[in-house]
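Colleague: Provide a 3D model corresponding to the input given below.
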Amino acid sequence: MRAYLKKKNISLSWKTYFVTAMGAMAQGLFASLLIGTIFGTLGKWCGISFLEEIASFAQNGYVVGAAIGVAVAFALKAEGLLLFSCAVVGAIGYSLGADGYTAGPAGAFLAVLVACEIGKLVFKETKVDILVTPTVAILVGYGISLLLCPPIAYGMHYAGEFINTATELQPLVMGILVSVTVGILLTLPVSSAAICAMIGITGLAGGAATAGCCCQMVGFAVMSFRENRWGGLTAQGLGTSMLQMGNIVKRPVIWLPPILASAIVGPVSTLLFRMENTGVAAGMGTCGLVGPLGVVTTMGAGSMGATGWIGLVLICLVLPAALTLLFSELMRKLGWIRPGDLKLEL
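Modeller: Residues are numbered from 1 along each chain as shown. Alright, predicted model coming up:
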């Protein structure tokens with residue numbers, strides 16, 4: 001059986017499914033929903049109508065699902081007809097749900113995961129592969145979607161409702177929990193933006209999530225400046241803190257400064273400035289400045305006032321940089337962070 005599965009390129013591995021494939025899902029999201037969000041925000045603020053039009057296509061649920069489907073199938077090493085069929089499966093999984101709630105990225109991911117692996121069993125096994133492979137993959141994906149998408153949709157919806165409501169009721173505790181958790185997810189090889197979109201995070205919880213993500217990206221960019229200089233500052237501050245994951249695995253203690261910073265900045269956001277954000281933008285941090293722009297879009301530029309703008313700058317840039325640098329310098333003096341621990345191969 002192992003030999004057969006190896007021949008069919010099927011790897012029954014937790015790492016393959018929930019690290020490699022989930023990382024690919026994030027790329028599919030970025031190439032559709034997230035880049036669409038960036039285009040839409042720029043189009044709205046700069047008055048460029050064609051960017052808004054592109055955004056409307058890129059953010060369409062079927063398009064996002066198809067992009068996730070291709071990305072996940074590619075990560076699973078699907079080829080040809082199977083790879084292309086997974087675009088359809090992704091669109092189905094993303095769009096199905098119950099009572100107006102859709103399973104979104106989680107539904108697309110799981111549907112493609114199962115359909116792709118089963119599709120490999122029949123791929124190029126018959127003389128009519130052009131019919132067999134798409135038929136099997138799409139039918140399996142549809143069946144899995146019918147089975148899993150309704151409970152996923154309900155689960156994600158009510159999880160989001162709980163987090164959003166709990167943050168309104170307990171802004172201090174939830175400000176810390178949401179900020180730290182989403183920030184950690186941003187740096188892990190999963191998609192914090194996808195998770196925020198899945199559960200429909202909004203309001204104060206969205207603001208706390210933004211704070212945590214900014215602490216990770218801006219924090220790592222600043223604390224590693226002596227090792228990585230301007231290239232590292234840009235790559236991490238405007239790209240992703242996930243670049244540090246390899247160093248974190250080697251020496252986990254380097255993760256502590258941005259985590260501590262997020263535990264402070266999160267409740268500053270929820271209690272003092274009451275910053276709000278929504279969905280995908282809440283899990284983006286300073287990547288392409290989508291997080292801060294999302295705050296402005298959600299709260300309304302005209303409604304923020306001077307306090308709101310000051311809070312935005314403090315929470316997204318100044319406090320993450322200052323606090324992370326403070327904690328990291330203390331840890332360097334204690335010998336917990338050593339020269340070269342944060343070095344990136346750029």
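
Colleague: Distance-wise, check the residue nearest to residue 122 when sequence neighbours are not counted relative to residue 277.
Modeller: The spatially closest residue to residue 122, leaving aside those adjacent along the chain, is residue 136, at 5.0 Å (CB to CB, 6 or more residues apart in numbering). In short, each C-beta sits where N, CA and C put it, glycine included. For residue 136, the distance to residue 277 equals 41 Å [CB to CB, to the nearest Å].

Colleague: burial count for the residue nearest to residue 122?
Modeller: 20 (other CB atoms under 10 Å).

Colleague: Model confidence score at it, please.
Modeller: If you check residue 136, the pLDDT there is 97.

Colleague: And residue 343, by the same measure?
Modeller: What the model reports for residue 343 is a pLDDT of 94.

Colleague: That one: what's it in contact with?
Modeller: Going by CB atoms under 8 Å, 6 or more residues apart in numbering, residue 343 touches 224, 227, 228, 247.

Colleague: shouldn't the second one be in contact with residue 340?
Modeller: Yes. Distance between residue 227 and residue 340: 6.5 Å, which falls inside the contact criterion (CB atoms under 8 Å).

Colleague: Flag the shaky bits of the stretch 101-250 of the chain, pLDDT-wise.
Modeller: Residue ranges of the stretch 101-250 of the chain with pLDDT under 70: 190.

Colleague: Would you map the helices across it?
Modeller: 104-122, 129-169, 171-187, 192-199, 203-223, 225-234, 245-250 (DSSP state H, counting those that start in this stretch).

Colleague: Quick check: which of those helices is nearest to residue 4?
Modeller: helix 104-122 (9.1 Å; CB to CB).

Colleague: buried set for the closest one?
Modeller: 104-120, 122 (16 or more other CB atoms under 10 Å).

Colleague: same thing with stretch 52-71?
Modeller: 52, 54-55, 58-60, 63-71.

Colleague: From residue 183, how far out is residue 197?
Modeller: In terms of CB to CB, residue 197 sits 16 Å off from residue 183.

Colleague: If we go by neighbour counts, what in stretch 254-268 is buried?
Modeller: 254-255, 257-268.

Colleague: Identify the residues contacting stretch 90-110?
Modeller: Stretch 90-110 has contacts (CB under 8 Å, 6+ apart) with 21-22, 25, 28-29, 61-70, 72, 89, 111-112, 138, 141-142, 144-146, 148-150, 152-154, 156-157, 191, 194, 197-198.

Colleague: can you check stretch 161-172 too?
Modeller: Residues outside stretch 161-172 that contact it (CB under 8 Å, 6+ apart): 174-175, 178, 199-205, 208, 267, 270-271.

Colleague: Residue 297: which of the helices of the stretch 101-250 of the chain is closest?
Modeller: helix 203-223 (11.2 Å).

Colleague: That closest one - contacts with which helices or strands?
Modeller: helix 129-169, helix 171-187, helix 192-199, helix 225-234, helix 256-267, helix 279-282, helix 290-299, helix 319-333 (3 or more CB pairs under 8 Å, 6 or more residues apart in numbering; DSSP states H and E).

Colleague: again, 6 Å this time
Modeller: helix 129-169, helix 171-187, helix 256-267, helix 279-282, helix 319-333 (3 or more CB pairs under 6 Å, 6 or more residues apart in numbering; DSSP states H and E).

Colleague: Next, the angle from the longest one to helix 203-223.
Modeller: Right, the one you point to is helix 129-169. Using axes from the mean of the first three to the mean of the last three CA atoms, to 10 degrees, one finds that helix 129-169 and helix 203-223 are set 100 degrees apart in direction.

Colleague: Quick one: work out the angle between helix 129-169 and helix 256-267.
Modeller: Taking the same axes, to 10 degrees, one finds helix 129-169 and helix 256-267 inclined to each other by 60 degrees.

Colleague: cool, the second one as well?
Modeller: Here helix 171-187 runs at 140 degrees with respect to helix 256-267, directions being taken by the same axes, to 10 degrees.

Colleague: Helix 171-187: which residues count as buried?
Modeller: Residues of helix 171-187 classed as buried by neighbour count (16+ other CB under 10 Å): 171, 174-187.

Colleague: and what of the last one?
Modeller: Of all the residues in helix 319-333, those buried under the rule 16+ other CB under 10 Å are 319, 320, 321, 322, 323, 324, 325, 327, 328, 331, 332.

Colleague: quick one: which of those is nearest to residue 36?
Modeller: Among those, residue 320 lies closest to residue 36 (CB to CB), at 26.1 Å.
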